[in-house]
Structures are given as structure tokens and as C-alpha cells.
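1. model this:
(chains A and B)
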Amino acid sequence: ETGVTQTPRHLVMGMTNKKSLKCEQHLGHNAMYWYKQSAKKPLELMFVYNFKEQTENNSVPSRFSPECPNSSHLFLHLHTLQPEDSALYLCASSQGQPGGGEKLFFGSGTQLSVL
Amino acid sequence: GENVEQHPSTLSVQEGDSAVIKCTYSDSASNYFPWYKQELGKRPQLIIDIRSNVGEKKDQRIAVTLNKTAKHFSLHITETQPEDSAVYFCAASNSNSGNTPLVFGKGTRLSVIA
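-> Got it, this is the predicted structure:
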């Protein structure tokens, strides 16, 4: 295990549902990330938080809403998703600031299916 | 912004042969180039990285080379084994710019045939 835990591992939801993905890191890192992994775009950055402050929003639709209450926890709130949002959602963390040549530690991901 | 191209998208080699994966980047200010390996059903994990102050780095059977002039870098795996089968991602970033995350290539699916 890398010290980054994601729940749930699998999620099936309808287009009208509201759900949340959770990520927790036990590494004392300062930066946390959400990535979307699909066949078309294997590692697509969605959001970045550095010391709880959002530093990057990679043109993500508003139906995805991140929340970072502290530097150890990261959430991704989902509502009115589309079938094309079905993908593996990976959380990651790093010790230093994003882009500082820091190693990323990934969680196991949440496999999301939108029906 | 940075753009990273990775080739080939798929690669099959016989066990014991070498495998080479190549990436190009667009931002000449990029100075950090990691490689991540993702086995089937598992999370991506860093296997090796190189910074722009060196041209080559080795770790047992894997090596990475960097050509800053041409803006490309490559992963070399020698004496491939079945456990090397995975998707490999290259990435690039400018570690001096602050708050500029890694940009990943689209990945190479390596299959090592026993």
C-alpha cells in the first residue's frame, strides 16, 4: 500500500444521483490531486490542492465539485453525471508543491460507472 | 502549456529482449521527467525519474535517457521479463515554476511474451 486510500473502490450511479468519492493520505503530504483515467485520456488531471488551497482546475465541468477540508483528506462530489463520465478516478498526493519535481503517490482508484 | 507525446501506444517483445519507449515534450523549461508503471488493475507507481542536469540514469534493468536539445526522453528496459508487462507513462514538468503539475503522455502498453 502507498498510504493513499480511496473509497469506494467501485461505484455505480444513475445520472440523477449525487455521490461522493473520498481520498485520505497518511503520508503527511501537502498536495493532493484528482485524476481521471479513461481509454481516451489515460491520466487526465482534474484538480490540484496545495495546503488545502485549490491551485488547478483543469477545465472540469461543474458537475464535479472537489473539497479539501485539510491536507489529509480530499473529496470529489458528483451530481448529474453523464455516461461519458464513467472512468477510473485516481487520487494522488505529493510531499512538496505540485510541479516541484515531487513523486506522486496514487490511490487504488474508484471505478465509476454512470448508467 | 506543456504537451507530452508518447510512442508507441502498444509494444510487444519477446522475453529477454529489450524494450524502448520514447516521449517528446514541448516546453523547453521542463526539467523533471518521471516514468510511472501501471500494472493491470493496480495504481500507477514511479519507477524512475531524471532531471535535466543529467543525460542518463540507470536502475538495474531500466534506464532513462534525456536529450534536452531535441526535447525527448526515453525509457529502456533490458532483459525483459513477464512481470514488466504493464502500461508505462512518461511525464514532464518545470519544477522551478511552482504549482505546475506533471503533464503525462498517453501511455504505452508493453506486453512481454514468454
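
2. Could you list the paired strands of the worst-scoring helix or strand of chain A on mean pLDDT along with their orientation?
-> Each helix and strand of chain A was given a mean pLDDT (mean pLDDT, DSSP states H and E); the minimum falls on strand A:53-57 at a mean of 77. Here strand A:53-57 is paired, per DSSP bridges, with strand A:44-50 (antiparallel).

3. What is the distance between the partner strand and the centre of its chain?
-> Distance of strand A:44-50 from the chain centroid (Cα atoms, centre = their mean, to the nearest Å) equals 7 Å.

4. tell me the average confidence for it?
-> The pLDDT scores in strand A:44-50 average 90.

5. picking that back up, who's in contact with the helix or strand just after the least confident helix or strand of chain A?
-> Downstream of strand A:53-57, the first helix or strand assigned by DSSP states H and E is strand A:64-70. Outside strand A:64-70, the residues that touch it by Cβ atoms under 8 Å, 6 or more residues apart in numbering or on different chains are A:32, A:34, A:46-47, A:49, A:52-54, A:74-79, A:85. The C-beta positions use only the backbone N, C-alpha and C, and glycine is treated the same way.

6. for those, which one is nearest A:Lys40?
-> Nearest to A:Lys40 among these is A:Asp85, at 12.2 Å by Cβ to Cβ.

7. Skipping its backbone neighbours, what lies nearest the closest one in space?
-> Closest residue to A:Asp85 apart from its sequence neighbours, by Cβ to Cβ, 6 or more residues apart in numbering or on different chains: A:Val114 at 5.2 Å.

8. starting at the chain centroid, how far to the one helix or strand B:Ser111 maps to?
-> Here B:Ser111 sits within strand B:108-113, counting by DSSP H and E. Here strand B:108-113 is found 14 Å from its chain centre; the criterion is Cα atoms, centre = their mean.

9. Tell me the strands beside that strand, with direction?
-> With DSSP bridges as the test, strand B:108-113 is paired with strand B:10-14 (parallel), strand B:86-92 (antiparallel).

10. Would you indicate which residues of it are buried?
-> B:Thr108, B:Arg109, B:Leu110, B:Val112 (16 or more other Cβ atoms under 10 Å in any protein chain shown).

11. What of stretch A:23-30?
-> Buried, per 16+ other Cβ under 10 Å, within stretch A:23-30: A:Cys23, A:Glu24, A:Gln25, A:His29, A:Asn30.

12. before we move on, what about stretch B:4-12?
-> Neighbour-count burial for stretch B:4-12 [16+ other Cβ under 10 Å]: B:Val4, B:Gln6, B:Leu11.

13. And for the second one, nearest residue in space, chain neighbours not counted?
-> Using Cβ to Cβ, 6+ apart and skipping the chain neighbours, the partner closest in space to B:Gln6 is B:Gly105 (3.0 Å).

14. shouldn't that neighbour be in contact with B:Ser9?
-> No. Counting by Cβ atoms under 8 Å, B:Ser9 is not a contact partner of B:Gly105; they are 9.7 Å apart.

15. Quick check: bridge partners of the residue nearest the centre of chain A?
-> For chain A, the residue nearest the mean C-alpha position is A:Trp34 (2.7 Å; Cα atoms, centre = their mean). A:Trp34 forms beta bridges with A:Phe47, A:Cys91, as assigned by DSSP bridges.
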